[in-house]
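*Asks:* A structural model of the following input is requested.
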Amino acid sequence: MPTKKRTGNKKGKQSNFAKLSIFQPNKYKFKKSCPLSVKGAPEVDYKNIKLLKKYMSENGKILPSRITNVSQKKQRELSLSIKRARNLALI
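*Replies:* A predicted model of the protein is given here:
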């Protein structure tokens, strides 16, 4: 008996569409470095209003670290100094 050749996908293999699923984690994701932790970065202080305004929205809200790429430690310092500047009516 002659054997037939199969075309298409076999049971054990996935199609290219299944490999490119949006639910799979991205292998090529890279993390940007914190702009406040690098060498020569400005010090976070409640008196440095120019720096604090970079990390605030137009409405005066503190921007999240996922948008600004600031580390957790520096984000806490930023939020504390922004709140202090608000209390002293500097912002």
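*Asks:* longest helix anywhere in the chain?
*Replies:* Counting by DSSP state H, the longest helix found in the chain is helix 72-87.
*Asks:* could you give the mean pLDDT of it?
*Replies:* The average pLDDT for helix 72-87 rounds to 96.
*Asks:* worst-scoring helix or strand of this protein, pLDDT-wise?
*Replies:* Sorted by mean pLDDT, DSSP states H and E, the helices and strands of the chain end with helix 16-19, the least confident at a mean of 58.
*Asks:* what does the helix or strand following it rub up against?
*Replies:* Next helix or strand after helix 16-19 toward the C-terminus (DSSP states H and E): helix 49-54. With contact meaning C-beta atoms under 8 Å, 6 or more residues apart in numbering, helix 49-54 is reached by P42, V44, D45, Y46, L78, S81, I82, A85, L90, I91. For glycine as for every other residue, the C-beta is placed from the backbone atoms N, C-alpha and C.
*Asks:* kindly write the ChimeraX command that selects the buried subset of those.
*Replies:* The ChimeraX selection below is limited to those of those classed as buried (16 or more other C-beta atoms under 10 Å):
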select :44,46,78,81,82,85
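*Asks:* quick check, nearest of the contacts of helix 49-54 to L36?
*Replies:* Using C-beta to C-beta, V44 comes nearest to L36 of the contacts of helix 49-54, at 6.3 Å.
*Asks:* including distance to K61, could the contacts of helix 49-54 go into CSV?
*Replies:* Shown next, in CSV, are those (distance: C-beta to C-beta, whole Å):
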residue, distance to K61
P42, 21
V44, 18
D45, 20
Y46, 17
L78, 12
S81, 15
I82, 10
A85, 14
L90, 16
I91, 11
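*Asks:* now, which of the contacts of helix 49-54 sits nearest K31?
*Replies:* Of the contacts of helix 49-54, the one sitting nearest to K31 (C-beta to C-beta) turns out to be L78, at 18.4 Å.
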